[in-house]
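Asker: Dropping the sequence and predicted coords here.
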Amino acid sequence: MAIRPDWMTGTLNLVAGTPDFTTTGSALQTAAIQAGDAIITATGYVLIIAEITGQNSGRLFDNCPVAAAGDGQPLRVRYQPDGSRVQAAVRMMRDLLTTGNLEAFAVLVGEEDAVPVFVGPGVMKLVPKSEFGPDDTKGNLATLAALENIANLTELAAIAKANDQFIIMGADGTITLKSIKDLTDTIAKNADEIDKKYDLPVDGTADQLIDATGAAIPKTGLPISDAVHKALDAKASYNWIINGDFTINQRGGVKKPANGVYGFDRWKGHSNGIEQIIEGLPAGEYTLTWSGGGNGTFGGQTKASPIKVNVTAGNASVVVPATATKISVVAGDATLSDPWVARSLAYEFHMCTRYFQKVSVSARFWSTQENQYSSNSVTWSAMRLAPSVSLDDQGQRSANLKTATLAGVSGRGGRFEIVSAAQVGDCYALANAYNLDADF
């Protein structure tokens with residue numbers, strides 16, 4: 001093949017200290033530039049190409065010298081002669097053939113069911129397939145052989161196979177077969193003794209457990225550990241409804257009060273039952289469930305439990321029948337399961353006090369002067385906002401006593417002021433608690 005002229009199309013960009021180079025308008029792949037071809041720079045450097053990575057990019061065998069670097073140089077690529085490429089390939093093949101491996105294989109005389117195996121550098125021999133042992137591609141035999149007390153696999157291979165048998169390994173490492181029937185017969189012989197061990201005590205029932213003394217105790221009487229309590233509280237914390245089983249009633253009200261009036265904690269009367277406002281419910285899919293029948297309303301839907309809806313972020317109204325119990329609102333789809341889990345009483349009470357608290361005090365006020373006041377400083381648990389205050393005096397006050405007011409409010413405390421309204425008659429109040437209300 002005729003020697004091809006140098007490729008001199010486009011310009012060359014070289015960066016000192018790196019083997020990568022680029023060109024402009026050179027079409028290196030179209031021009032069949034290959035590894036081994038050489039770039040001749042304008043300064044006379046000859047740089048050997050290691051690979052062509054694109055029409056206008058490639059890599060050198062060595063980093064570009066500083067003196068050869070520069071952008072926009074005229075490109076000149078000299079093709080390596082085809083004869084040189086062929087000679088290099090032949091030399092490589094010759095080197096590979098002179099390792100002795102090919103000669104070692106060539107002198108072997110083939111035998112049936114024999115496999116050539118290297119026994120040294122450039123030395124081979126034929127080995128019968130039977131010497132390689134059984135096929136253990138999944139490693140089962142190797143795992144079995146590694147077990148403690150198994151002397152060898154030959155013993156296992158010598159056992160005559162039979163249906164419905166177990167492989168039994170003795171303490172001395174011997175391996176035998178045992179039929180399934182022998183094992184089941186042994187169990188049957190002891191069946192009467194086994195049954196006796198599991199007889200219920202006198203007057204015992206199936207819904208009881210046996211304690212360490214052998215006495216029967218009801219399952220409901222078993223204590224629950226702190227760890228179980230914590231686990232149940234963690235699961236119950238997913239419920240956005242507070243006091244869903246109506247265990248907290250700080251106000252001493254009824255379950256179904258007048259519309260808009262709070263009865264049991266967090267629940268107030270509604271024309272369709274009772275209502276709770278969930279504070280700051282994040283947007284997403286939720287499921288409302290309850291027991292006791294009837295229709296509820298949540299997220300714009302009114303129907304029987306369960307109600308699955310997508311809600312926007314913000315305060316959310318939940319209305320359920322007055323007969324409802326075990327009320328829950330959980331994230332996601334809970335239409336095929338009952339998500340209800342009761343919280344511990346202490347945890348439920350703590351959540352309720354964010355909205356309503358009854359603070360015990362001993363407040364006595366007696367005055368015959370107008371606008372005279374008495375004050376008490378009381379600390380309470382953190383609430384959602386500064387609460388309104390009222391005296392829990394059970395009617396022990398005069399008509400000319402102003403409503404108690406809240407002053408000096410801090411994060412968890414404030415001062416209550418009781419003020420007389422007029423000089424007409426005595427002005428008095430006897431209270432044993434303050435009601436703090438921060439509910440909706």
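Answerer: Looks like it arrived, so ask away.
Asker: Secondary structure element holding I33?
Answerer: For I33, there is no host helix or strand (DSSP states H and E).
Asker: Ok, K125 next?
Answerer: Assigned by DSSP H and E, K125 falls in strand 123-128.
Asker: In the protein, where is pLDDT below threshold?
Answerer: By pLDDT under 70, the weakly predicted segments of the chain are 1-2, 86, 88-99, 133-164, 166, 169-175, 190-237, 362-377, 393-432.
Asker: just checking, V261 touches K268?
Answerer: Yes - the pair V261 / K268 is scored as a contact, 5.9 Å apart, by C-beta atoms under 8 Å. Just so you know, the C-beta spots here come from the backbone N, C-alpha and C atoms, and that holds for glycine as well.
Asker: Between the two, tell me which one has more neighbours.
Answerer: Shown here are V261 and K268; by other C-beta atoms under 10 Å, K268 has more neighbours (20 against 12).
Asker: does the more buried one have beta-bridge partners, and which?
Answerer: Y262, E275 (DSSP bridges).
Asker: Now do the contacts for it.
Answerer: With contacts defined as C-beta atoms under 8 Å, 6 or more residues apart in numbering, the neighbours of K268 are P257, N259, G260, V261, Y262, I274, E275, Q276, D439.
Asker: Save the residues you listed as CSV, and put in distance to P5 too.
Answerer: What follows is the contacts of K268, written out as CSV (distance: C-beta to C-beta, whole Å):
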residue, distance to P5
P257, 103
N259, 100
G260, 99
V261, 102
Y262, 99
I274, 96
E275, 93
Q276, 90
D439, 94
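Asker: Please identify the buried residues of the strand holding K125?
Answerer: Residues of strand 123-128 classed as buried: M124 (neighbour count, 16 or more other C-beta atoms under 10 Å).
Asker: Residues in contact with that strand: which ones?
Answerer: 100-101, 104-105, 108-111, 113-119.
Asker: coming back round to it: can you name the two of the contacts of K268 that sit furthest apart?
Answerer: Using C-beta to C-beta, the contacts of K268 span at most 14.9 Å, a distance reached by N259 and D439.
Asker: So which of the two has more stuff around it?
Answerer: Higher neighbour count among N259 and D439: D439, with 21 against 12, using other C-beta under 10 Å.
Asker: surely the more buried one meets Q357?
Answerer: No - using C-beta under 8 Å, D439 makes no contact with Q357, being 10.6 Å away.
Asker: for the contacts of K268, which one is nearest G10?
Answerer: Out of the contacts of K268, the member with the shortest distance to G10 (by C-beta to C-beta) is Q276, at 77.3 Å.
Asker: mind listing what the strand holding K125 pairs with, with the direction of each?
Answerer: strand 114-120 (antiparallel).
Asker: Return the distance of N295 relative to V309.
Answerer: 14 Å (C-beta to C-beta, to the nearest Å).
Asker: ok, now Q34?
Answerer: In terms of C-beta to C-beta, Q34 sits 68 Å off from V309.
Asker: same question, N13
Answerer: Counting by C-beta to C-beta - N13 and V309 are separated by 63 Å.
Asker: Strands along the stretch 201-350 of the chain, start to end?
Answerer: 208-210, 216-218, 268-270, 273-281, 284-291, 295-298, 301-304, 307-311, 314-320, 325-331 (DSSP state E, counting those that start in this stretch).
Asker: can you tell me which of the ones you listed comes nearest to Q55?
Answerer: Here strand 284-291 is closest among the strands of the stretch 201-350 of the chain (C-beta to C-beta), at 52.2 Å.
Asker: neighbouring contacts of that closest one?
Answerer: By C-beta under 8 Å, 6+ apart, strand 284-291 touches 240, 296, 298-299, 305-311, 318, 320-321, 324-335, 338-340.
Asker: switch to 7 Å and redo it
Answerer: 296, 298, 305-311, 318, 320, 324-335, 338-340 (C-beta atoms under 7 Å, 6 or more residues apart in numbering).
Asker: Mind listing what's buried along it?
Answerer: Result for strand 284-291 [16+ other C-beta under 10 Å]: buried residues Y286, T287, L288, T289, W290.
Asker: same check, this time on stretch 14-22
Answerer: Those would be L14, P19, F21, T22, for stretch 14-22 by 16+ other C-beta under 10 Å.
Asker: out of these, who's nearest E131?
Answerer: Using C-beta to C-beta, P19 comes nearest to E131 of these, at 51.9 Å.
Asker: doesn't N63 make contact with that closest one?
Answerer: Yes - proximity of P19 to N63 meets the contact threshold set by C-beta atoms under 7 Å, at 5.4 Å.
Asker: Would you map out the domains in the chain?
Answerer: 11-84, 239-351, 356-437 (automatic domain parsing).
Asker: okay, how far is it across the second one, tip to tip?
Answerer: Which is domain 239-351. Length of domain 239-351, first residue to last, C-alpha to C-alpha, to the nearest Å: 12 Å.
Asker: cool, the shortest one as well?
Answerer: Between the opening and closing residues of domain 11-84 lies a distance of 27 Å (C-alpha to C-alpha).
Asker: The last one now?
Answerer: Here the two ends of domain 356-437 are set 5 Å apart, with distance taken as C-alpha to C-alpha.
Asker: about what we covered before: now tabulate the strands of the stretch 201-350 of the chain in JSON lines and tack on distance to Y347.
Answerer: Listed next are the strands of the stretch 201-350 of the chain as JSON lines, based on distance: least, C-beta to C-beta, whole Å:
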{"stretch": "strand 208-210", "distance to Y347": "28"}
{"stretch": "strand 216-218", "distance to Y347": "26"}
{"stretch": "strand 268-270", "distance to Y347": "22"}
{"stretch": "strand 273-281", "distance to Y347": "17"}
{"stretch": "strand 284-291", "distance to Y347": "20"}
{"stretch": "strand 295-298", "distance to Y347": "24"}
{"stretch": "strand 301-304", "distance to Y347": "29"}
{"stretch": "strand 307-311", "distance to Y347": "25"}
{"stretch": "strand 314-320", "distance to Y347": "20"}
{"stretch": "strand 325-331", "distance to Y347": "15"}
